[in-house]
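**Student:** My questions concern the predicted model and sequence given below.
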Amino acid sequence: MAKLEPRNRKVKILATVGPASHDPAMLRRLLLAGADAFRVNMSHGDHATHAETIQAIRALEKEFARPIAILCDLQGPKLRVGTFKEGKAIIRHSGHFILDRDPAPGNENRVCLPHPELFGILEKGQRLLIDDGKIRLRIIRADDQEILCSAEVGGVISDRKGVNIPDVEIPIPALTDKDRKDLAFAVQNGADWIALSFVQRPEDIAEARRLMGGYGALCAKIEKPQAVKRLGEILELADAVMVARGDLGVELNPEEVPPLQKRIVAAARTVGKPVIVATQMLESMIESPAPTRAEVSDVANAVYDGADAVMLSAETAAGKWPEEAVTIMHRIAGEVERDPGYKGRVHFHATLPDATTADALSHACMTIAETVSIAAIIVFTGSGASARRVARERPATPMLVLTPSTGTARRMALLWGAHAVTTRDIGSFEEMIAKGKRMALRHGFGHAGSKLIALAGVPFGTPGATNLLHVVTLTGDELKRA
């Protein structure tokens, strides 16, 4: 069995798989370079290719005996204009332009907007952003047949370019027919996480959850202003959130995105749910073997904020330097976490414990680790809830998560600071201590004389019963047995 050492960093790296990386040999190189989890983008490719990717990742998981998370990212509803007579047209700056329901090919004056649900709900003064905001229209008049706009920023518009409408909640479901098929595929093929795109309301989460049938975990992508307004409700229902800065940067002013990123990260940490920062983190590495200084700072800031994971998109999916992108991200994260100022920065947001035994003990783990030299916090968990509460505290001490659930272990690959191991459940206090010591030594967490914290629940095997904290010391005899 191949050996893969613990990462020695807390933040996780999520790498997107695509044409540049779906080959099993490249996936292996990305894992060795530092990837902890892989994103399968359902917007591109077909189910047969995605199934091959998932099988290749599971083969790596078996080869290295390391749980690996697979996140299937649903495309979500895409609003697009129709087609043009010449394939494209030019919208004049400050000129008028109409979007209507006529399916005839468009020209420089009009084009079809093949989304009847939008007519009748838009109002004067609202914005329409086309082609990722390259063209910006302001509504002058709107009725149930056409939308007359003034072009604040004109330019070339071509067939089926995307449309963003930031100023109104769009009356369409977050799941299209394609998404439903893709979600069923993801569940059938054992995806650990499902990412739901263009979430606007808590009801979107509830619908996806129903279709998942209790399998896997759900990540809500925060990429619309409407989702930001209802962030608390969405966080309550989702298992994790992603700061999807691509569409957020289109629908909001650019300067609004950085503070919003910090706000979303802080909100997710407060409730103890993983948060992923995504989009354009090392964008220049699609073409270049080295990132810009601004990109390095961008990744570093997400790590300083205490994000659970940072994501690579086109850099690993379609770029020329996928392995180098993962390597650079791994190096940036490691350097930040070694910074003497990191501890103070990562705790910029206070996460006070809730009035529960589990939270009190999770908080105590960090307090003890700061007072006594602790090699690792060992968390025994079935669902992963105890590990999430410990990770919420952002302790400097490594966390070894021991679970009988393969699914839980895989999902931990996106949780800050968690090194998960799948092992048989425990049945007694003595077995817990013996197994905790043995696994800590086996996976490189401590040596003879090291102290460990064990966190578990009694009776063992009972979900949500975290009520036991014990400090133990490793001995030379245990080192021999490990």
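**Tutor:** Done, it's in. Numbers count the residues shown, from 1 in each chain.

**Student:** Distance from the chain centre to stretch 234-243, please.
**Tutor:** 10 Å (CA atoms, centre = their mean, to the nearest Å).

**Student:** what sits up against it?
**Tutor:** With contact meaning CB atoms under 8 Å, 6 or more residues apart in numbering, stretch 234-243 is reached by 193, 195-196, 199, 201-202, 205-206, 209, 217-222, 227, 231, 260-261, 264-265, 267-268, 271, 273-278, 307-308, 311, 411, 414. (Glycine included, C-beta is placed from N, CA and C.)

**Student:** shaky segments in the protein?
**Tutor:** 1, 461, 464, 476-482 (pLDDT under 70).

**Student:** that older thread, among the contacts of stretch 234-243, which ones are buried?
**Tutor:** For these, a burial check counting by 16 or more other CB atoms under 10 Å picks out 193, 195-196, 199, 201-202, 205, 209, 217-222, 227, 231, 260-261, 264-265, 267-268, 271, 273-278, 307-308, 311, 411, 414.

**Student:** N189 reaches H50, doesn't it?
**Tutor:** Yes: counting by CB atoms under 8 Å, H50 is a contact partner of N189 at 7.4 Å.

**Student:** Against G446, how distant is T473?
**Tutor:** Distance check for T473 against G446: by CB to CB, to the nearest Å, it reads 9 Å.

**Student:** Give the intersection of the neighbour lists for those two.
**Tutor:** L452.

**Student:** who's more crowded, those two?
**Tutor:** Shown here are T473 and G446; by other CB atoms under 10 Å, G446 has more neighbours (22 against 13).

**Student:** Make sure I have this right: V40 is in a strand.
**Tutor:** Yes: assigned with DSSP: H, G, I helix; E, B strand; the rest coil, V40 falls within a strand.

**Student:** Quick one: neighbours of it, just the number.
**Tutor:** 28.

**Student:** Look up the closest residue to it, ignoring the ones flanking it.
**Tutor:** Spatial nearest neighbour of V40, excluding adjacent residues (CB to CB, 6 or more residues apart in numbering): C72 at 4.9 Å.

**Student:** and what of L252?
**Tutor:** With CB to CB, 6+ apart, the residue lying closest to L252 is P225, at 6.4 Å.

**Student:** hang on, isn't the one you found packed against N253?
**Tutor:** No: if you go by CB under 8 Å, P225 and N253 don't touch, sitting 10.9 Å apart.

**Student:** Helix, strand, or coil at E335?
**Tutor:** Classified using three-state DSSP, E335 is helix.

**Student:** how close does it get to K343?
**Tutor:** When E335 is compared with K343 (using CB to CB), they lie 15 Å apart.

**Student:** So what's the residue count around the nearest residue to G417 once chain neighbours are set aside?
**Tutor:** Once flanking residues are discounted, G417 sits nearest to K10: 4.0 Å by CB to CB, 6+ apart. By the criterion of other CB under 10 Å, K10 has 25 neighbours.

**Student:** Repeat that for A48.
**Tutor:** 8.

**Student:** just D247 next, same as before
**Tutor:** 23.

**Student:** Not counting its neighbours along the chain, what's nearest it?
**Tutor:** E223 (3.8 Å).

**Student:** go on, T327?
**Tutor:** In space, T327 is closest to A33, 4.6 Å off (CB to CB, 6+ apart).

**Student:** just D131 next, same as before
**Tutor:** Nearest one to D131, counting by CB to CB, 6+ apart, is K161 at 4.3 Å.

**Student:** can you pull the contacts of that neighbour?
**Tutor:** K161 neighbours (CB under 8 Å, 6+ apart): R80, V81, I130, D131, I135.

**Student:** ok, which pair from the residues you listed is furthest apart?
**Tutor:** R80 and I135 (13.1 Å; CB to CB).

**Student:** what about those two, which has more around it?
**Tutor:** I135 (22 against 15).

**Student:** mind listing what the more buried one touches?
**Tutor:** I91, L129, A151, V153, G154, G155, I157, K161.

**Student:** Any of the residues you listed buried? List them.
**Tutor:** I91, L129, A151, G154, I157, K161.

**Student:** could you dump these to a markdown table with distance to G457?
**Tutor:** As requested, the buried ones among the contacts of I135 are exported to a markdown table (distance: CB to CB, whole Å):
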| residue | distance to G457 |
| --- | --- |
| I91 | 62 |
| L129 | 50 |
| A151 | 61 |
| G154 | 62 |
| I157 | 59 |
| K161 | 53 |
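
**Student:** just those residues now: which is nearest V40?
**Tutor:** After measuring those against V40 - CB to CB - the closest member comes out as K161, at 25.4 Å.

**Student:** How much space separates that closest one from S43?
**Tutor:** Noted for K161: a distance of 15 Å to S43, by CB to CB.

**Student:** phi, psi of the one residue sitting closest to the centre of the chain?
**Tutor:** Central residue of the chain (CA atoms, centre = their mean): I276, 3.6 Å from the mean position. Here is the backbone geometry of I276 (degrees, to the nearest 10): phi -110, psi 130.

**Student:** For it, list each beta-bridge partner.
**Tutor:** In this entry, I276 is beta-bridged to M242, A309, by DSSP bridges.

**Student:** what sits against it?
**Tutor:** Contacts of I276 (CB under 8 Å, 6+ apart): L14, C219, A240, V241, M242, V243, A307, D308, A309, V310, M311, L414.

**Student:** ok, which stretches of the stretch 151-300 of the chain are strands?
**Tutor:** 155-158, 163-164, 193-196, 217-222, 240-244, 275-278 (DSSP state E, counting those that start in this stretch).

**Student:** what would the ones you listed look like in CSV with distance to A358?
**Tutor:** Output for the strands of the stretch 151-300 of the chain, formatted as CSV (distance: least, CB to CB, whole Å):
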stretch, distance to A358
strand 155-158, 54
strand 163-164, 41
strand 193-196, 23
strand 217-222, 19
strand 240-244, 19
strand 275-278, 20
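
**Student:** nearest to T423, of the ones you listed?
**Tutor:** Nearest of these (CB to CB): strand 217-222, 20.7 Å.

**Student:** Give me the sheet partners of the closest one and which way each runs.
**Tutor:** Going by DSSP bridges, the partners of strand 217-222 are strand 193-196 (parallel), strand 240-244 (parallel).
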